[in-house]
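Peer 1: predicted model, plus sequence, below.
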Amino acid sequence: MALKASSDKTICISLSDFYKWLLATMAKKSKFLSWLGFGKSENKQQTEQAADADNQKQLAEQERLAAEKAEAERLEQERLAAEKAEAERLEQERLAAEKAEAE
């Protein structure tokens, strides 16, 4: 390949040198490598990392909700047990009062 310089001198450049220069120039600009698909692996990795982070956030949220639900159920069971114990105590007092009146 021959190029004309501004001073009318012919510059001889081999085609392989031209391709090397072209590849180096385009690689610096990240265009050629992305055309070949080399940049896609980085994007894919970043996408996978973002998806993993989202999955971890969702898993943490699910665990938090499950813990809140378990705590609410435990508190409800305690409340029901306390109500039942109070009702039994009142019933025992009522029966004791009736028995005392009957005597």
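Peer 2: That came through, no problem. Numbers count the residues shown, from 1 in each chain.
Peer 1: and the residue lying farthest from the centre of the chain, how close does it get to residue 52?
Peer 2: In the chain, residue 103 marks the outermost C-alpha relative to the chain mean, sitting 73.2 Å out by C-alpha atoms, centre = their mean. Residue 103 is 76 Å from residue 52, where distance means C-beta to C-beta, to the nearest Å. For every residue, glycine as well, the C-beta is placed using N, CA and C.
Peer 1: residue 19 too?
Peer 2: For residue 19, the distance to residue 52 (C-beta to C-beta) stands at 40 Å.
Peer 1: residue 46 now?
Peer 2: To residue 52, residue 46 is 11 Å away according to C-beta to C-beta.
Peer 1: next one: residue 45
Peer 2: Residue 45 sits 10 Å away from residue 52, going by C-beta to C-beta.
Peer 1: got it, and residue 63?
Peer 2: Separation of residue 63 from residue 52 (C-beta to C-beta): 16 Å.
Peer 1: how far out from the middle of the chain is the host helix or strand of residue 97?
Peer 2: Applying DSSP states H and E as the criterion places residue 97 in helix 38-102. Relative to its chain's centre, helix 38-102 lies at 24 Å (C-alpha atoms, centre = their mean, to the nearest Å).
Peer 1: who are the packing partners of it?
Peer 2: Helices and strands touching helix 38-102, by 3 or more C-beta pairs under 8 Å, 6 or more residues apart in numbering; DSSP states H and E: there are none.
Peer 1: try it again with 10 Å
Peer 2: With contacts defined as 3 or more C-beta pairs under 10 Å, 6 or more residues apart in numbering; DSSP states H and E, the packing partners of helix 38-102 are helix 31-36.
Peer 1: pLDDT (mean, whole number) over the helix it packs on?
Peer 2: Per-residue pLDDT values over helix 31-36 give a mean of 60.
Peer 1: same thing with stretch 83-99?
Peer 2: Averaged over stretch 83-99, pLDDT sits at 94.
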